[in-house]
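# need coordinates for the below:
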Amino acid sequence: MKFFFPDSQDYVDPSFDFESEERSSLRIRQRDDHYAHEEFASPPFDGLLVSRAVVDSGRYTLAQKHRLLRVGLTEFFRLGGKKLETMGDCGAFSYVREEYPPYSIDEIITFYEGLGFDYGLSVDHVILAYDPTEKSVSVDWKRRRDITLQLANEFIREHKHRGSRFVPIGVAQGWSPASYADSVERLQKMGYDYVALGGMVPLKTVDILACLEAVGTYRLPETRVHLLGVTRCEQVRQFGTYGVTSFDSTSPLRQAFKDLKDNYYAPDRTYSAIRVPQVEANPELSRRILAGKVDQNEARRLEKECLRTLAAYDSAATSIESVLKLLREYEQLHDGSGNRTEIYREVLADKPWKKCPCDICRRIGIQVILFRGAERNRRRGFHNIFVFYQRLHQELGRQTDVNKSAPAQTSECVNY
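The predicted structure is shown next:
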């Protein structure tokens, strides 16, 4: 079972100083910053998924996009020596509201060939609906599936005509187990032996399994299945019995800074990150300061004291009560709607970052648990990917070398 990590140009600055919160004046982001696979001695995933829609979006500067198209994946992502495969897709969620996909077969195959992908997904049109009873199937759902199948047929024909070297993956869209199964059967007749099931991100696990079971009725023994955007670590073995050999997801990364409390992955649970927002960067706190409800100097003092005391706690130089007292004082300024004291007490008492063998935790210590700015939040996301990957291999009964960390440097219970 291979895990592909989707690229969204998430990287961290190795020159960032967590004490002064300054970075090198000579830093050039694309040249100097590290992708997730560069932060670990061994990458915590099997491959990268790069979406054409992400490349065309604002996540890539115009200069970055041109450089990627000019030098290809290996040089752009600095994959030399890394045992990582690459998969390309169109990013159907980005144009879900459009009547028809904006990419032609010719330009997508040219994109895959030019960048040097190992695998390439056919152009699809996602269906954001699910009705296993087939009682309320809309004309639009059928139209989108027909478009997806038509484009898949054109895609594999052009792939054969060009003699393209990447492995073609036919995308199946549907709204029910029966419609997914029919799509996979048609893709196999077109010549695909690798298919991807799309549009399943919002589905419950039981619904995904129902679709896989239906697909299994028609799936040929040699046909591999990829799940687009789906992570259900506890079900990977069951997925495997239905021919699933790969999947992709950004959930471990996004949960680090999108979730309200489950931000830090441990092997058997999650913890909340500790919020110490930057005075100038917190919208609610800024509004209170402008309204005259909060003294800006007092906010800055508490912010600095929280950071100083947390660092002292990490080195056993102060008590947990001292930390909690300051965090509560600052919380009352930046977020008067709740009290996270007991949540913070739990994570501070357990010190999960001290027990984690990943390079991130060993390198930056307690900074990984702080909800504060991209440099900390992204690193926590990278840590989550590491723990997720270990959990995946544990579920599969495999050994992995991702826990062989490099030397430390300076500078539905658990929703995997």
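
# I figured residue 109 hits residue 160, correct?
No: assessed by Cβ atoms under 8 Å, residue 109 is found out of contact with residue 160, at 10.8 Å. Heads up, the C-betas are built off the backbone N, CA and C, glycines and all.

# and the two? Which one has more around it.
Neighbour totals were compared for residue 109 and residue 160, and residue 109 leads with 23 against 11 (other Cβ atoms under 10 Å).

# is residue 34 bridged to anything, and to what?
Beta-bridge pairing for residue 34 (DSSP bridges): residue 12.

# residues contacting it?
11, 12, 13, 14 (Cβ atoms under 8 Å, 6 or more residues apart in numbering).

# redo those residues as CSV? Include distance to residue 74.
What follows is the contacts of residue 34, written out as CSV (distance: Cβ to Cβ, whole Å):
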residue, distance to residue 74
11, 17
12, 21
13, 23
14, 21
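
# of those, which is the most crowded?
Neighbour max across the contacts of residue 34 (other Cβ under 10 Å) = residue 12, 22 neighbours.

# show me where the chain has its strands.
Using DSSP state E, the strands found in the chain span residues 2-6, 11-12, 34-35, 47-51, 85-89, 119-121, 167-172, 194-197, 224-227, 244-248, 264-266, 269-271, 274-275, 370-371.

# the last one packs against which elements?
The reference is to strand 370-371. strand 274-275 (3 or more Cβ pairs under 8 Å, 6 or more residues apart in numbering; DSSP states H and E).

# switch the cut-off to 10 Å
Counting by 3 or more Cβ pairs under 10 Å, 6 or more residues apart in numbering; DSSP states H and E, the packing neighbours recorded for strand 370-371 are strand 274-275, helix 296-314, helix 373-396.

# average pLDDT across the first one?
Going back to what we said before, that points to strand 274-275. Across strand 274-275, the average pLDDT comes to 97.

# show me what that strand is packed up against.
Counting by 3+ Cβ pairs under 10 Å, 6+ apart, strand 274-275 packs on helix 296-314, helix 320-334, helix 341-350, strand 370-371.

# tell me which of these lies nearest to residue 122.
strand 370-371 (39.3 Å; Cβ to Cβ).

# for the record, mean pLDDT for the closest one?
For strand 370-371, the per-residue pLDDT averages 98.

# name the nearest residue to the residue sitting nearest the centre point of the chain, sequence neighbours excluded.
Against the mean C-alpha coordinate of the chain, by Cα atoms, centre = their mean, the closest residue is residue 250 at 1.5 Å. Counting by Cβ to Cβ, 6 or more residues apart in numbering, residue 6 is the residue found nearest to residue 250 once chain neighbours are left out, at 5.1 Å.

# try residue 96
Using Cβ to Cβ, 6+ apart, the closest residue to residue 96 is residue 126 (5.3 Å).
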